[in-house]
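>>> coordinates only, no sequence provided:
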């Protein structure tokens, strides 16, 4: 790259990150598609942030919603069986579905731990 021994690099940088977006068809349809994708991502993060799985010594419940908060719960004394469902990807990334009585909670982080605690507290 350098033509002579005296030649020195003064600036070495990547092009601006806008080139990652510039490849999109920047027509009204392309812009609308980009906005729709961004809204879908923000909505997914918002829902994830506003959903909680709570285990107390007496019940297991999930609370979700932003405008209208909703909760579903099961009393541990009424839980007959506790089940854990995990796909291969779920086992690798450590998430799964915990079923306790009539309550089914999907995408639970560290489901083996939650399963074990529910199993222990319900008996």
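Nice, thanks for sending it over. If you're wondering where the values come from, they're calculated on a predicted model, not measured in any experiment.

>>> now do the longest helix seen in the chain: distance to the chain's middle.
In the chain, assigned by DSSP state H, the helix with the most residues is helix 28-49. Relative to its parent chain, helix 28-49 has a centroid offset of 15 Å by Cα atoms, centre = their mean, to the nearest Å.

>>> so where do the strands sit in the protein?
Listed in chain order, the strands of the chain (DSSP state E) span 52-55, 59-64, 70-75, 82-85, 95-100, 103-109.

>>> distance of the closest residue to residue 75 other than its chain neighbours from residue 66?
Leaving aside its chain neighbours, residue 75 sits nearest to residue 59 (5.0 Å; criterion: Cβ to Cβ, 6 or more residues apart in numbering). Bear in mind the C-beta positions are built from the backbone N, C-alpha and C, glycine included. Distance from residue 59 to residue 66, counting by Cβ to Cβ, to the nearest Å: 23 Å.
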